[in-house]
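**Q** Build me a structure from this.
(one chain, ligands or ions: 2)
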Amino acid sequence: MDSEAIHEELDERAADAAGQVVAWRRHLHRHPELSNREVNTARLVADHLRSLGLDEVRTGIAGHGVVGVLRGSAPDGGRVVALRADMDALPVKDLCGTDFASETVDADYPGGPFPVSHACGHDCHTAMLMGAATVLAGVRERLPGTVLFVFQPAEEGPPVTEEGGARAMVEAGAFAGPVPTMAFGMHVTPYPKGYVGYRVGNQYGASALVRIVVTGKQVHGSTPWEGVDPMPAVGAVLTGIGQLYRQVSAFDPVTVTIGHVEDVGRFNIIGQTVTLWGTVRCAVESDMAEVERRLTTLAEHSAAAYGATATVEYLQSVPPVHNSGPWVEAALPTFRRVAGGERVVETGATLGYDDVSEFIRRFGGLYVMLGVQDAALDASGRPVPAEGGRGLVTNHNPHFYADDDTLVTGVRLHAHVAYDHLTGALVVR
Ligand SMILES: [Zn+2]
Ligand SMILES: [Zn+2]
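**A** Ligands and ions are numbered 1, 2, ... in the order given. I've put the predicted structure just below:
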C-alpha cells in the first residue's frame, strides 16, 4: 500500500473516531481535575489505551502521567515519535455556556477550595490524542516505527510544594526507552476553526513562577509606628514592576504579573507578612536571568525603603517552546495536507508557556496552535471575531470555549505527523 492511500485511511479512521472524541472531550470537560490530581482522567486514558491492545501502557509516571507504547512493524525498531497531550485543568470558574460546563469544586487543593474548569482546553488535547491512538492502533502493522502516546499531568504547574509536569516525566524515565526521535504537541487557541498556526523560533516564551515574601512586624492597626507595615512596601513593589519593562530591550517582550496576593493581617491588624505570587515571561530566554535579577533588586530595596524585608524565589522555570526552521520546513507539507494549504498560517509569538518545551528541546520536534473558535483573520493575519459567532476568548478566561467540530483536525494532525515521521517524510536530517 502506498503512503497516499494510508493518509486517506488515517482520515477515514479519524472521521470514524470523531464522535467518540467529542464524547470523551465533553466527559472530561464536565469532570476536570487540577494539576497533579488527574486521577480519573488518567484512568480513562489508560483504560482506553489498554483496550486498543498497545504493547505497553505505563501509568503513574511523575504523578498521574500515562505513556502508551505502540510498536509498529520495523524489524530494527525504526523511528520513535512522542505525541503529547496535557491533562490538567485550572482553578477557574466555568462560564463557557455549554450544557457540559463544569460544576466541579476541589475543596482539598492547597490554597483552595477552587472551582475547576478546562479553561485552557486540555480536555480537547486529551480527547484528540486518545482518538489518534485509536487511529494509529488501527494501522499498526503498517507503521515502520514506534508511537509514544504521552499524556502529561501538571502542565499548568503543580502546587509549589510538589513536583510535577513535563520535566518530572523525563526525570521519572518516561523516555528512557525507546528514546523519541521527535516530539509533537499542539494547543487549542482563539484562531479560526481548523487553522494550524506555526512560528519559526520561539512559539511560546520562557516562564518562571515568582514568590515574593515581604516581612514587617505585626502590630495593632491603631499603632503602626510600633511595628513595620509590609503593605506599603508591597504597593511599591507592584508599582515598580511596571517600570521593569523599561530596563530590558523594548524589542524583547517581557511580562511580569502578580496574580495573587496573600496577607495574614486583618482590618485592625497590621500583618507580619504579605506573599505575592506571580509569573515572569520572556520571549527571549536569555532575558530571564536579567529580569529576575532586576525584580529581586526592586523587591528587596522597595521593602528596605519601608523598613521591611523581602525574599524572592523563582520556581517552576520552563524553557521557551522553540520551533526550528528545519523542523517547520519538514512538517509544512504534512500540516497543509491535514488542514488545507490556506488554513496553515504563520502566527506571532506569545508569552504563554507550555512545558512541552522540555520534550521538544531534548528530542527535536514541533509545536503548533490549533484554531477552535468563531474567528477570522484580518488583513494583517490577526484573529478577529467572526460575525455572528461567540467572539474571541483567550485561554484561562472563565468564558473560554473550543468548538467540538475542530477536534477531528487535531486527531488527523497527530496521526499524519506520526506516520510521516516514522516513514521518513517528516524528519530533519
Ligand atoms: Zn494554560
Ligand atoms: Zn494549556
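**Q** Which parts of the stretch 101-250 of the chain are helices?
**A** Counting by DSSP state H, counting those that start in this stretch, the segments of the stretch 101-250 of the chain that form helices are 122-137, 166-171, 230-244.
**Q** Tell me which of those helices sits most buried.
**A** helix 122-137 (a mean of 27; mean count of other Cβ atoms under 10 Å). In this view, the C-beta of every residue, glycine as well, is placed from N, C-alpha and C.
**Q** Using PDB, write out the CA atom coordinates for that helix.
**A** Provided in PDB are the C-alpha atoms of helix 122-137 (Å, rounded to 0.1, in the frame of the first residue of the first chain):
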ATOM      1  CA  HIS A 122      -6.600  20.400  27.800                       C
ATOM      2  CA  ASP A 123      -9.800  18.300  27.700                       C
ATOM      3  CA  CYS A 124      -9.600  18.800  23.900                       C
ATOM      4  CA  HIS A 125      -5.900  17.800  23.900                       C
ATOM      5  CA  THR A 126      -6.500  14.600  25.900                       C
ATOM      6  CA  ALA A 127      -9.500  13.500  23.800                       C
ATOM      7  CA  MET A 128      -7.700  14.200  20.500                       C
ATOM      8  CA  LEU A 129      -4.700  12.200  21.500                       C
ATOM      9  CA  MET A 130      -7.000   9.300  22.600                       C
ATOM     10  CA  GLY A 131      -8.600   9.500  19.200                       C
ATOM     11  CA  ALA A 132      -5.200   9.500  17.500                       C
ATOM     12  CA  ALA A 133      -4.300   6.300  19.500                       C
ATOM     13  CA  THR A 134      -7.400   4.600  18.100                       C
ATOM     14  CA  VAL A 135      -6.500   5.700  14.500                       C
ATOM     15  CA  LEU A 136      -2.800   4.600  14.700                       C
ATOM     16  CA  ALA A 137      -3.500   1.400  16.500                       C
END
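**Q** I'd like to know which elements that helix is packed against.
**A** Judged by 3 or more Cβ pairs under 8 Å, 6 or more residues apart in numbering; DSSP states H and E, helix 122-137 is in contact with helix 3-30, helix 39-51, strand 65-71, strand 79-86, strand 145-152, strand 182-192, helix 407-423.
**Q** would you list the helices of the stretch 101-250 of the chain in TSV and tack on distance to residue 7 and mean pLDDT?
**A** TSV is the format used below for the helices of the stretch 101-250 of the chain (distance: least, Cβ to Cβ, whole Å; pLDDT from 0 to 100):
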stretch	distance to residue 7	mean pLDDT
helix 122-137	11	98
helix 166-171	30	98
helix 230-244	49	97
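**Q** Make a markdown table out of the ones you listed and add distance to residue 399.
**A** Compiled in a markdown table, the helices of the stretch 101-250 of the chain are given as follows (distance: least, Cβ to Cβ, whole Å):
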| stretch | distance to residue 399 |
| --- | --- |
| helix 122-137 | 15 |
| helix 166-171 | 28 |
| helix 230-244 | 27 |
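**Q** Which of these sits closest to residue 424?
**A** helix 122-137 (16.7 Å; Cβ to Cβ).
**Q** what angle separates the closest one from strand 182-192?
**A** Here helix 122-137 runs at an angle of 130 degrees relative to strand 182-192 (axes from the mean of the first three to the mean of the last three Cα atoms, to 10 degrees).
**Q** And the helices and strands packed on helix 122-137, which one averages the lowest pLDDT?
**A** Among those, helix 3-30 carries the lowest mean pLDDT, a mean of 94.
**Q** So which bits of that helix are buried?
**A** 6-7, 9-11, 13-14, 17-18, 21-22, 24-26, 28-30 (16 or more other Cβ atoms under 10 Å).
**Q** Let me know the distance separating residue 355 from residue 198.
**A** 19 Å (Cβ to Cβ, to the nearest Å).
**Q** Neighbour count: these two, which is higher?
**A** A direct count of neighbours by other Cβ atoms under 10 Å for residue 355 and residue 198 places residue 355 higher, at 27 against 20.
**Q** so what's the backbone phi/psi at the more buried one?
**A** phi -80, psi 10 (degrees, to the nearest 10).
**Q** tell me the contacts of it?
**A** 152, 155, 165, 166, 167, 318 (Cβ atoms under 8 Å, 6 or more residues apart in numbering).
**Q** what's the closest residue to the third one other than its chain neighbours in contact with, if anything?
**A** Distances taken as Cβ to Cβ, 6 or more residues apart in numbering put residue 154 closest to residue 165, at 4.4 Å, once the chain neighbours are dropped. Taking Cβ under 8 Å, 6+ apart as the contact definition, residue 154 lies against 35, 36, 38, 62, 63, 88, 162, 164, 165, 168.
**Q** pLDDT score for the residue positioned nearest the centre of the chain?
**A** Centroid-nearest residue in the chain, with Cα atoms, centre = their mean: residue 354, separated by 4.0 Å. pLDDT for residue 354: 96.
**Q** cool, and residue 100?
**A** At residue 100, the pLDDT recorded in the model is 97.
**Q** what's the spacing between it and residue 332?
**A** 35 Å.
**Q** Could you do residue 429 as well?
**A** Taking Cβ to Cβ, one finds residue 429 at 16 Å from residue 332.
**Q** Which residue ranges make up the domains of this structure?
**A** Domains of the chain are assigned by automatic domain parsing as 3-204+320-423, 206-318.
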